[in-house]
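Enquirer: Curious how this folds, go ahead:
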Amino acid sequence: MTDPRFTASTDATQAPGGPVRQRGARRNAQLAALSLLSTLILTACGGGGGSSDSGDAAAEAERLRRKTTTTTTTSTTPTTTTTPTTTTSTPPTTTGTTSGTGTTTGTGTTTGSSTPAAMTEGLNGIWPPPSRDLSSSPCSSRLVGTRNTYDVGPGQTYTELTQVPWLSLQAGDVVNIYYRATPYKTKVGLRAQGTANAPVYINGVTDASCNRPAISGDGAVTATDAVTNQFGVAAGITGAGVFTIFRLPTDDRDTFVPGYITIQNLKISGARSTYTYKDHNGATQNYWDGAAAIYAVRVAHLSVENCEITDNGNGIFTNSRGTSSVDISSFLIFRRNKIYLNGNPGRSTEHNFYTQGYRVLFEGNDIGQAYGGSSLKDRSSGTVIRYNRVIASARALDLVETEEEYFANIQLDPLNDYGWVYGNVIINDYWQPLGNSARPIHWGFDNTDFRARKNTLFFYGNTYINRSTATSWYYTTVFQIGANDDYLPHPNAAVEASGNIFWNDDGTTEWRFLSNNTNGKVRFRGVNYLPTNRTGDDSLVAGTTTRRYDFTGHTAIQGNAPGINSSTFVPASGSPILDKGILGPTTTPAQATAANLVVDREFTAPLGVKPRVQMGSAMDLGAFELQ
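Expert: This is a model prediction of the structure:
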């Protein structure tokens, strides 16, 4: 039976007086989407992270999906008149933190290495890659490429980003962007094809106080080589973002894929529909609603690290349209980024992260709230989300089906139906400026059930906190499996929860693990810390299985005082959660690397990852070990 408090909508967001605000008719939205697909124009990852009415959802799906053409041409070299600062045959190396004037001080923390880990990850069939330590310091230094090195900023060879030959970057090239007091204002096109051993780096060089160089799309001009080569004009994507990754009209549509690109140590903002830029003709244009700081139409082995991403339509957007066998983004790595307040007020279809690709990793990020949409929305295969701090928006984690159109590149991945969420701090807080989420963790599908995630979301070693009172928010949920309107998930779709802390910090808000009466199943394994004021058919009797809950072999520690710090969430001596944790999931699909799915690290503020050192006979429950 349908809960009368939930009605048809594309997704669930909060309402001031109750769990869900209703905004639209799902059936009408589906019919509109089917009508759009019949036009046989290219697809991008659409759908929303929060609710919206059907007209708005269809219009935004149209905007996000259909921004490229299908012309097949032959690849040629783009026109450029610039020359590099440095040519070298050595591997990428650091030269110390600079002051922003081109003078090396040699006193700062370095980033990057001669064999950057992010660029070898996903190779040799290993997924996910091993976790690694990620410094919590934002400091960064100049890099030297194996081919050319371009230095941009005060006192450097190039003073503005417009002068860099972006569209001619090749394997081993490095662009160093030095900090200055005012933001750079240039829209950049990228089509570089690096290699595993010679990736292309877009590298910010912080000042002596470790401030990242800033690039703003607000009032930006288009880079000179993008104007010369008409980058994105024929495809209709000039309003897509600050960094747009695609191909030139002269690159072969069916074979050309940019790849092995790292963007790091930058602050990127200002790709929002309320802001303008100068296009290829010098005319003032507004960005799309779904514009992003980094917008990739297709890319392989993209790494974004130590960036601050804010004040954009989407923070980071990666697409896999499925118009050919190579029209796919793959092996996407996002590490120790601070990403927050992206999205559009009053809308629900833009998010901080909005990713669709063949295997994606989020690690060590500080993921804040988003306007209208979700903190993290993903339509990828083999999704791994580990050691992050996440503040819920319309949703905290929205993990749903791919929206490829013709070629099922992602759907055919054996790991498409699996996801791993572990070692994270996830906070669903009514008192946050943008409110909380009615259904914070979504596993399944938005719109298309035959593409839905059909197996297990492994959820382990996390600390999940709900903050509300019974008078402000009378009940809260954790998981939604399937879709809204009682659309049933696949029979095998489930969440496996083990080694977690679920903390209802006020203790008065009614707790529900599943968002409605019939959909999905949560399998509790090992030990979990659970709130006492739950409702539903979760009897907590070991070995009991109901239509929605399976407690086979499970031990519950029940209470509303897990003995953890209310701000750092680190356990205290004497806490009931000590030495009750687990190392990894109970099972691992054959195509995943079990050794790389163990809880061996933890998030470290303000962002980053450090080793997790077991202090007792076993790991502690939750995301942190006793210090």
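
Enquirer: Verify the contact between residue 461 and residue 599 for me.
Expert: Yes: Residue 461 is within contact range of residue 599, at 4.2 Å (criterion: CB atoms under 8 Å). For every residue, glycine as well, the C-beta is placed using N, CA and C.

Enquirer: Give the residues shared as contacts by the two.
Expert: Common neighbours of residue 461 and residue 599, counting by CB atoms under 8 Å, 6 or more residues apart in numbering, are 422-423, 499, 581-582, 619.

Enquirer: Show me what the mean pLDDT comes to for stretch 286-306.
Expert: Taken as a whole, stretch 286-306 has a mean pLDDT of 98.

Enquirer: So which bits of that stretch are buried?
Expert: Residues 287-306 are the ones in stretch 286-306 that count as buried (16 or more other CB atoms under 10 Å).

Enquirer: quick one: pLDDT of the closest residue to residue 603 other than its chain neighbours?
Expert: Closest residue to residue 603 apart from its sequence neighbours, by CB to CB, 6 or more residues apart in numbering: residue 387 at 4.7 Å. You'll see residue 387 listed with a pLDDT of 99.

Enquirer: where does residue 387 fall, phi/psi-wise?
Expert: phi 60, psi 40 (degrees, to the nearest 10).

Enquirer: Name all residues that make contact with it.
Expert: 131, 363-364, 423-424, 601-603, 609, 623.

Enquirer: the helices in the stretch 351-500 of the chain, which residues?
Expert: Read by DSSP state H, counting those that start in this stretch, the stretch 351-500 of the chain holds no helices at all.

Enquirer: which residues in it form strands?
Expert: Remark: strands assigned in the stretch 351-500 of the chain by DSSP state E, counting those that start in this stretch are 353-355, 358-363, 366-367, 376-378, 383-386, 389-391, 397-399, 419-422, 425-429, 441-444, 456-460, 463-467, 475-482, 494-498.

Enquirer: before we move on, what about the stretch 151-300 of the chain?
Expert: Along the stretch 151-300 of the chain, the stretches classed as strands by DSSP E, counting those that start in this stretch are 174-178, 186-190, 200-205, 214-216, 220-222, 241-245, 259-264, 267-269, 276-278, 284-286, 292-296, 300-305.

Enquirer: Mind listing residues that contact the third one?
Expert: Meaning strand 200-205. By CB under 8 Å, 6+ apart, strand 200-205 touches 92, 97-98, 100, 111-112, 116, 140-143, 145, 153, 169-179, 190, 192, 194, 212-213, 243, 260-267, 306-307.

Enquirer: ok so, going back, out of the strands of the stretch 151-300 of the chain, the one nearest residue 530 is which?
Expert: strand 300-305 (35.7 Å; CB to CB).

Enquirer: Is there a neighbour count for residue 576? I'd like the number.
Expert: Neighbour count of residue 576, defined by other CB atoms under 10 Å: 14.

Enquirer: just to revisit the earlier point, are any of the contacts of strand 200-205 buried, and which?
Expert: Buried by 16+ other CB under 10 Å: 92, 97-98, 100, 111-112, 116, 140-143, 145, 153, 169, 171-179, 190, 192, 194, 212-213, 243, 260-267, 306-307, out of the contacts of strand 200-205.

Enquirer: Check the gap between residue 578 and residue 622 for me.
Expert: Residue 578 sits 10 Å away from residue 622, going by CB to CB, to the nearest Å.

Enquirer: out of these two, which sits in the busier spot?
Expert: Neighbours per residue (other CB under 10 Å) separate residue 578 from residue 622, with residue 622 holding more: 32 against 20.

Enquirer: Not counting sequence-adjacent ones, nearest residue to residue 621?
Expert: Leaving aside its sequence neighbours, residue 621 sits nearest to residue 577 (CB to CB, 6+ apart; 3.8 Å).

Enquirer: before we move on, what about residue 559?
Expert: Leaving out its chain neighbours, the residue that sits closest to residue 559 by CB to CB, 6+ apart is residue 532, at 6.1 Å.

Enquirer: any chance of the shared contacts of residue 461 and residue 599 in a markdown table, with pLDDT and distance to residue 228 too?
Expert: A markdown table is the format used below for the shared contacts of residue 461 and residue 599 (pLDDT from 0 to 100; distance: CB to CB, whole Å):
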| residue | pLDDT | distance to residue 228 |
| --- | --- | --- |
| 422 | 99 | 47 |
| 423 | 99 | 47 |
| 499 | 98 | 55 |
| 581 | 97 | 57 |
| 582 | 94 | 56 |
| 619 | 98 | 56 |
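
Enquirer: Distance to residue 555 added to these, as a markdown table?
Expert: Formatted as a markdown table, these follow (distance: CB to CB, whole Å):
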| residue | distance to residue 555 |
| --- | --- |
| 422 | 19 |
| 423 | 21 |
| 499 | 11 |
| 581 | 12 |
| 582 | 11 |
| 619 | 15 |
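
Enquirer: Report whether the expected contact of the residue nearest to residue 559 with residue 561 is present.
Expert: No: counting by CB under 8 Å, residue 532 sits too far from residue 561 to count as a contact (10.1 Å).

Enquirer: What number of residues are in the vicinity of residue 154?
Expert: For residue 154, the count of nearby residues is 13 (other CB under 10 Å).

Enquirer: My error: substitute residue 339 in the last question.
Expert: Taking other CB under 10 Å as the definition, residue 339 ends up with a neighbour count of 28.

Enquirer: Residue 124 now?
Expert: Number of residues near residue 124 (other CB under 10 Å) recorded here: 8.
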